[in-house]
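Asks: For reference, the sequence and a predicted model appear below.
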Amino acid sequence: MPGLPTQDGSATKVRIAPDVLWRAWDDEIVCYSNTTGDTHHFADLAAWLFRLLSTEAANEPEIEATALQRIELPTTVDGPAAIRRTLDMFQRLSLLEAA
Amino acid sequence: MNTLALRLGPFTATLETPFGALVDGLRQLYPRAVFADHASYADFHVALMPGEGARRFVGRQARFLLDGESLFKPLPQSQALPMFEWGLNYAIAGQAHQYLVVHAAAIERNGRVVILPGAPGAGKSTLAAALTRSGWRLLSDELALIRPGDGKVVPLARPINLKNQSIGIMRGFAPDAVFSAEIADTVKGTVALMRAPEDSMARVSEAAPVGWIVFPRWQKGTMAQLTPWSKAAGVMELAHNAMNYSLHGADGFRLLADIMDRSGCYRFTYDRLDDAIAAFAALASTH
């Protein structure tokens, strides 16, 4: 992931930064970043991923493995690519920190 | 020169103006709020004055001044009354940061408030006007003031701004209501102000908690329909309509999220006011 340090070449574990406030309704998330002052709304894969990373730190392979076990993505979706895009988006929005 | 003071919910404003018609209009629309010819303390010091310099010769113009500063381009003197209302909205939205100020109407029944955010043309003022003639209390037409401490909405009970076709609709719907003269050719078209109901003005110090967030949209030919809507999307819309949300930062987010946690969130489409009133009466009877 761009911007995050790596350790020994392995994927870095990340989690939702502690200064991010969030609230969930049904399967959707709204969060507020104290760093940027921005508010965001996530649904579907992004909401699932946000919730996962707010409870545990994980790296990209771990996230992919968990996603494979716990959620069903449409067959037309390239799961690993979608996860990578979502993590990049979280990173750009300053929602992640390295664990 | 006329000088008067107005009590507008939690605020006091003073007005200085030579325009007698404006003062008469305010006395008609704010019968309980115009309380003195001066105030020892005021939140907003407003003046509406004639044009100055070369503008004196461009018809008869009015300037809106807040704390002595001219904030807007002058308008024709015939528009002094709506100019006062619009300028006061600007002043409240720009200065009343002890509240989260949401661009929305707010009405109350059975102790619970409906917040009605809406883009211009969504029909929120017409809807609010009709509902306040049908058992709902008017807290505000344009600016819902949410108190951070307890999330309650603090009333303003100012006149309702009606535009274009809405004026005729409300004159027909509420023939006994008090309306200002119609003012044509404003930036919003023809406008008129409808006085807040007596009960709403009398209870202007009674804040109330939010029960529902309803996003209205007038749509010709549709049945009145309340449709449950995503609370997450509702929070985003509320934040978008909150004029000083960024100023409140994390507290503003918590406030909106807490309100949404304990409120129903709906979209509402309507055409006929009678149907809308029935739909809201049913909503008020739910818990």
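Replies: Nice, I can see it.
Asks: Against residue B:243, how distant is the residue of the stretch 51-200 of chain B found nearest chain A?
Replies: Here the stretch 51-200 of chain B gets closest to chain A at one residue, residue B:100, 13.2 Å apart by C-beta to the nearest C-beta. Where C-beta positions appear, they are placed from N, C-alpha and C, glycine not excepted. As judged by C-beta to C-beta, to the nearest Å, residue B:100 and residue B:243 stand 9 Å apart.
Asks: ok, the two, which is more surrounded?
Replies: A count of neighbours by other C-beta atoms under 10 Å in any protein chain shown puts residue B:100 above the other of residue B:100 and residue B:243, at 26 against 18.
Asks: So which bits of chain A are right by chain B?
Replies: Proximity of chain A to chain B, by C-beta under 8 Å from any C-beta of the partner chain, involves residues A:21, A:23-26, A:28-30, A:32, A:34, A:37, A:39, A:41, A:43.
Asks: of these, buried ones?
Replies: Neighbour-count burial within the residues of chain A next to chain B applies to A:21, A:23, A:24, A:25, A:28, A:29, A:30, A:32, A:39, A:41; the criterion is 16 or more other C-beta atoms under 10 Å in any protein chain shown.
Asks: Touching, the fifth one and residue A:43? I think so.
Replies: Yes. Checked against C-beta atoms under 8 Å, the pair residue A:28 and residue A:43 is within contact range at 4.8 Å.
Asks: Please identify every residue contacting each of the two.
Replies: residue B:232 (C-beta atoms under 8 Å, 6 or more residues apart in numbering or on different chains).
Asks: which strands and helices sit next to the longest helix seen in chain A?
Replies: Secondary structure assigned by DSSP state H gives helix A:79-92 as the longest helix of chain A. Contacts defined by 3 or more C-beta pairs under 8 Å, 6 or more residues apart in numbering or on different chains; DSSP states H and E place helix A:79-92 against strand A:14-16, helix A:44-55, helix A:60-70.
Asks: For the lowest-mean-pLDDT helix or strand in chain B, which strands pair with it and how are they oriented?
Replies: Least confident helix or strand of chain B, by mean pLDDT, DSSP states H and E, is strand B:34-36 with a mean of 76. Strand B:34-36 has these partner strands in its sheet, going by DSSP bridges: strand B:2-8 (antiparallel).
Asks: which outside residues touch the strand it pairs with?
Replies: B:12-20, B:23, B:26, B:30, B:32-39, B:42, B:88, B:156, B:158, B:204.
Asks: Next to chain A in this structure, residues from the stretch 101-250 of chain B, please.
Replies: Residues of the stretch 101-250 of chain B lying near chain A (C-beta under 8 Å from any C-beta): B:230, B:231, B:232, B:233, B:235, B:236, B:239, B:245, B:246, B:249, B:250.
Asks: For burial, what's the neighbour tally of the second one?
Replies: Taking other C-beta under 10 Å as the criterion, the count of residues near residue B:231 is 21.
Asks: Please name the bridge partners of the residue nearest to it when sequence neighbours are not counted.
Replies: Among residues not flanking residue B:231 along the chain, residue A:25 sits closest, at 3.8 Å (C-beta to C-beta, 6 or more residues apart in numbering or on different chains). Listed by DSSP bridges, the beta-bridge partners for residue A:25 are residue A:28.
Asks: In terms of pLDDT, where does residue A:25 sit?
Replies: At residue A:25, the pLDDT value in this model is 97.
Asks: pretty sure it contacts residue B:260?
Replies: Yes. Contact criterion C-beta under 8 Å: residue A:25 and residue B:260 qualify, at 7.3 Å.
Asks: Show me which of the residues of chain A next to chain B is closest to residue B:175.
Replies: Residue B:175 lies nearest to residue A:25 out of the residues of chain A next to chain B, by C-beta to C-beta, at 43.1 Å.
Asks: which ones are touching the closest one?
Replies: Applying C-beta under 8 Å, 6+ apart, the residues near residue A:25 are B:230, B:231, B:232, B:260.
Asks: for the third one, helix, strand, or coil?
Replies: Spelled out, that is residue B:232. Three-state assignment for residue B:232 (DSSP: H, G, I helix; E, B strand; the rest coil): helix.
Asks: What separation do you get for the closest residue in space to it that isn't next to it in sequence and residue A:73?
Replies: Excluding the flanking residues, the one nearest residue B:232 by C-beta to C-beta, 6+ apart is residue A:28, at 3.6 Å. Counting by C-beta to C-beta, the gap from residue A:28 to residue A:73 is 17 Å.
Asks: now swap in residue A:39 and tell me
Replies: Counting by C-beta to C-beta - residue A:39 and residue A:73 are separated by 26 Å.
Asks: which regions of chain A lie under the pLDDT threshold?
Replies: A:1-10 (pLDDT under 70).
Asks: let's go with 80 and repeat that
Replies: A:1-11, A:73-77 (pLDDT under 80).
Asks: Hmm, residue B:141 is touching residue B:131, no?
Replies: No. With contact defined as C-beta under 8 Å, residue B:141 does not reach residue B:131; the gap is 11.2 Å.
Asks: neighbour-wise, which of those two wins?
Replies: Neighbour totals were compared for residue B:141 and residue B:131, and residue B:141 leads with 28 against 23 (other C-beta under 10 Å).
Asks: Ramachandran angles for that one?
Replies: Note on residue B:141: its backbone torsions stand at phi -90, psi -40 [degrees, to the nearest 10].
Asks: Please list all residues in contact with it.
Replies: Counting by C-beta under 8 Å, 6+ apart, residue B:141 makes contact with B:105, B:125, B:128, B:129, B:158, B:159, B:160, B:161.
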